[in-house]
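Student: fold the following.
(6 chains)
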Protein chains: 4
Amino acid sequence: MTKNKIKKIASKQLAEKGYEQATLSSIAKEVGIKTPSIYAFFKNKEDLFMTVYRDMLEDYYQYIQHSIEQVTAGNVKEKLYRILQELSHYHLSQPEKTQSYMRLALSFPPTFNQEVKDTFNELEQHLCEILHEIFLDGINKREIKNQPLDDLVASFLCVMDGVFLELIYYPEDKYRKRLEQVWNVYWLGISTPLNQN
Amino acid sequence: MTKNKIKKIASKQLAEKGYEQATLSSIAKEVGIKTPSIYAFFKNKEDLFMTVYRDMLEDYYQYIQHSIEQVTAGNVKEKLYRILQELSHYHLSQPEKTQSYMRLALSFPPTFNQEVKDTFNELEQHLCEILHEIFLDGINKREIKNQPLDDLVASFLCVMDGVFLELIYYPEDKYRKRLEQVWNVYWLGISTPLNQN
Amino acid sequence: MTKNKIKKIASKQLAEKGYEQATLSSIAKEVGIKTPSIYAFFKNKEDLFMTVYRDMLEDYYQYIQHSIEQVTAGNVKEKLYRILQELSHYHLSQPEKTQSYMRLALSFPPTFNQEVKDTFNELEQHLCEILHEIFLDGINKREIKNQPLDDLVASFLCVMDGVFLELIYYPEDKYRKRLEQVWNVYWLGISTPLNQN
Amino acid sequence: MTKNKIKKIASKQLAEKGYEQATLSSIAKEVGIKTPSIYAFFKNKEDLFMTVYRDMLEDYYQYIQHSIEQVTAGNVKEKLYRILQELSHYHLSQPEKTQSYMRLALSFPPTFNQEVKDTFNELEQHLCEILHEIFLDGINKREIKNQPLDDLVASFLCVMDGVFLELIYYPEDKYRKRLEQVWNVYWLGISTPLNQN
DNA sequence: CATGAATGAGCCTTCATTCAT
DNA sequence: AATGAATGAAGGCTCATTCAT
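Tutor: Reported below is the predicted structural model:
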């Protein structure tokens, strides 16, 4: 279906060149159609990329949700590490998406920014709840040192953010090593002595 | 001097709107000159923003260097926290610069990207050395739990990155709270029990 | 068809004002369209004039070829004179074309020059062969004094060139007189006494 | 003297690139001054090239005049041939001048064209008189077949023009051969049998 | 003499978009 | 659903030129 092809290539070019350089005509050319044909499917350039963005976010959302739900087995250490790994896997296995993602977050017309932020917040909210539970569980089970839950959640989110940024800037191998180092220190830091093996 | 005014406003508009939207004509208008006048000072649009970027990086470099050198007094805890604070202060006190910075890093013509990465790496290299020393010192003085130095450095860089990303996305008050939470957990995690007060 | 109209007017303005002064906007204005519309038909300004030039050359080529082929009847004197006349007729009946032609030959971006020269050479080559035959025939029939064939061909080409240059510089009436004078002397010069009536 | 340097380089760039491409700034750069400095010596771009052109023509004029005056010795054949040779020598020894010359003749703003033509005409007028005398002399001395003087003059001018055009288009060696062939045929054509050796 | 700064005019070009087909 | 033709808007850039210094 042409519509999907357009979206796919729009997303790809967005990743490669950013919003402004991802010209309708350049997209059309790569799709193999003429520029005005795009308007048969999308009202606008903004509309097209809005859609692309929503799809992307939806996809991400689904993935994260799905990943998290599957992380029921295992102890807290495994759960947390698993989250970082799922995150890494998602971005590493389809780096263009992450790029597009970042690009849109920065280069989108201001009108759009609110929606971007809203979706982001929702996602974060969800994540917070999950992490809350996990850490609560961890403390109860004495896997994790007793600390304010919010602090723990914040710290993990910070690790996630840091790891995410490095995921963008470093090549995969260097990134993987980093991730491990970070995780080692982090886990050693938050866990109770009993669980540091 | 007009040249500086151009650079300043170019940087500002870059932060606000990104490279493509920071039009030469829009810059000129805000400076109060006519567009072609810009060419009396810069060869190109690219040249202008190249200069802006280099200045920015130079400035950042100087600041970090300066900050770090002054962090000789105090124990390791103070030193590390001080670094995070200086970083925060730098970006919070002139948020446009940070924005420009991010924008250029993502939206610049590919030719330029190598230079961006090189400068980045150099900066990181320098930071690594400093952190290395600090952590080594911390371990020797029993302020910090004995762990591989590289892991510690990596973890701190990750915290820095995470904190940096949040600094961009959250409003200042929310950010400050986050920073404190993160720091609490982090320091509790890496320090020896004696130093956890 | 708009495309042809653009070409026609481009050619005309080229003749009148030269490549640089034949602005896309001035062409568009005369065609009655807006400047960007030209890009629906031509990739470039260069592309447009390239096309114009090739058409011109093609047209010239066709004409010369056609003219020559029809000059089978008559004796050698008539044939040669006919060639000069056809040449004159071509340029006099559409002087803009000749002007454009000259203009492009001189003012075109260097990239293009090779193609210009190549086409020119091909045309000249063809002409040489024809003249060769005619002169050979002339000598055999004792209409023309026995001289090296190559010299005769060269001399005739020189007359053509001279005549061509004068065709550009003189107004038509003056040119016609000149042509006759030149032809008189030339024919008297190369013909055998029997044929000088 | 800077003024002369400007003129020289203006002329050179004119030859190489034509009037429009011979930018004041590009001239200034090659001279080693800043663009506005040109205005210390010339009122205008047009003024500059006007001067350049007048100098060129003056120079040409002088040369031709001088050449011709020195062609008093020798018989008519030698005189005529000498003229062609001087012409060739002039253009071959400083081909840029000829290029500039042609360029200006074609690409100059229309205002200027009249002066160009006037000077040209004057030169031609002068040449005509000289040729008139030579041919008259030639006929009287039975070196040249009796023909209308005007025709002879016209024919020689035509040869000059043709030869000139070929001088521009052919490389030197090819040109020289051509010139000889043309001259052979021409002289054989106009001379009396007695003088054809 | 020379130049730094500035500018009006204009050029080529690209882009998103529309509309009739 | 697709496209050829057209366009308003704008962008980056160059050029000749001026003027104060």
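
Student: please make it C-alpha for all contacts and neighbour counts, starting now.
Tutor: Noted.

Student: within range of chain B, give me the residues from chain A.
Tutor: A:17-18, A:20, A:103, A:106-107, A:147, A:150-152, A:154-155, A:157-163, A:165-166, A:178, A:181-186, A:188-190 (CA under 8 Å from any CA of the partner chain).

Student: pLDDT at the residue in chain A that chain D sits nearest to, what is it?
Tutor: Closest to chain D within chain A is A:Gln21: 31.7 Å, counting by CA to the nearest CA. Per-residue pLDDT puts A:Gln21 at 92.

Student: circling back to that earlier point, helices - which of the residues of chain A next to chain B land there?
Tutor: Residues of the residues of chain A next to chain B located in helices (DSSP state H): A:17-18, A:20, A:103, A:106-107, A:150-152, A:154-155, A:157-163, A:165-166, A:178, A:181-186, A:188-190.

Student: related to what we said a few turns ago, of the residues of chain A next to chain B, list those near DNA strand F.
Tutor: The subset of these within reach of DNA strand F, by CA under 7 Å from any atom of the strand, is empty.

Student: would you write a ChimeraX line that selects the buried entries of these?
Tutor: ChimeraX command restricting the residues of chain A next to chain B to the buried ones, with burial defined by 16 or more other CA atoms under 10 Å in any protein chain shown:
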select /A:17,18,103,106,107,150,151,152,154,155,157,158,159,160,161,162,163,165,166,178,181,182,183,184,185,186,188,189,190
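
Student: contacting residues for A:Phe41?
Tutor: Each residue near A:Phe41 by CA atoms under 8 Å, 6 or more residues apart in numbering or on different chains is listed here: A:Lys3.

Student: 10 Å instead, please
Tutor: Each residue near A:Phe41 by CA atoms under 10 Å, 6 or more residues apart in numbering or on different chains is listed here: A:2-4, A:6-7, A:47-48.

Student: near DNA strand F, which residues of chain A show up?
Tutor: Checking chain A against DNA strand F by CA under 7 Å from any atom of the strand, the hits are A:2, A:33-41.

Student: what about the closest residue to A:Ala10 other than its chain neighbours, helix or strand, and which?
Tutor: Counting by CA to CA, 6 or more residues apart in numbering or on different chains, A:Ala10 lies nearest to A:Ile27, which is 6.0 Å off, once chain neighbours are set aside. For A:Ile27, the enclosing helix or strand under DSSP states H and E is helix A:24-31.

Student: tell me which other helices or strands that helix touches.
Tutor: helix A:2-21 (3 or more CA pairs under 10 Å, 6 or more residues apart in numbering or on different chains; DSSP states H and E).

Student: tell me the buried residues in the helix it packs on?
Tutor: So, applying 16+ other CA under 10 Å, buried residues of helix A:2-21: A:6-7, A:9-19.

Student: so can I have TSV of the residues you listed showing distance to A:Lys141?
Tutor: Supplementary listing: the buried residues of helix A:2-21 in TSV, determined by distance: CA to CA, whole Å:
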residue	distance to A:Lys141
A:Ile6	50
A:Lys7	47
A:Ile9	48
A:Ala10	48
A:Ser11	44
A:Lys12	45
A:Gln13	48
A:Leu14	46
A:Ala15	43
A:Glu16	46
A:Lys17	48
A:Gly18	47
A:Tyr19	48
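
Student: which one of those residues sits closest to B:Met56?
Tutor: Using CA to CA, A:Gly18 comes nearest to B:Met56 of those, at 22.2 Å.

Student: if we can go back for a sec, what about the residue nearest to A:Ala10, how many residues nearby?
Tutor: 25 (other CA atoms under 10 Å in any protein chain shown).

Student: how far away is the residue nearest the centre of chain A from DNA strand E?
Tutor: Centroid check for chain A by CA atoms, centre = their mean gives A:Tyr60 as the closest residue, at 6.1 Å. Distance, A:Tyr60 to DNA strand E, using CA to the nearest atom of the strand, to the nearest Å: 26 Å.

Student: isn't that residue right up against A:Tyr90?
Tutor: Yes: using CA atoms under 10 Å, A:Tyr60 makes contact with A:Tyr90 at a distance of 8.2 Å.

Student: ok, back up a step: contacts only, for the residue of chain A closest to chain D.
Tutor: A:13-14, A:27, B:20, B:107.

Student: by mean pLDDT, point me to the weakest helix or strand of chain A.
Tutor: Taking mean pLDDT, DSSP states H and E as the measure, chain A has helix A:95-107 as its least confident helix or strand, at a mean of 77.

Student: now the element after it, going C-ward?
Tutor: helix A:110-140.

Student: for that next one, name the packing helices and strands.
Tutor: helix A:45-70, helix A:76-93, helix A:95-107, helix A:149-169.
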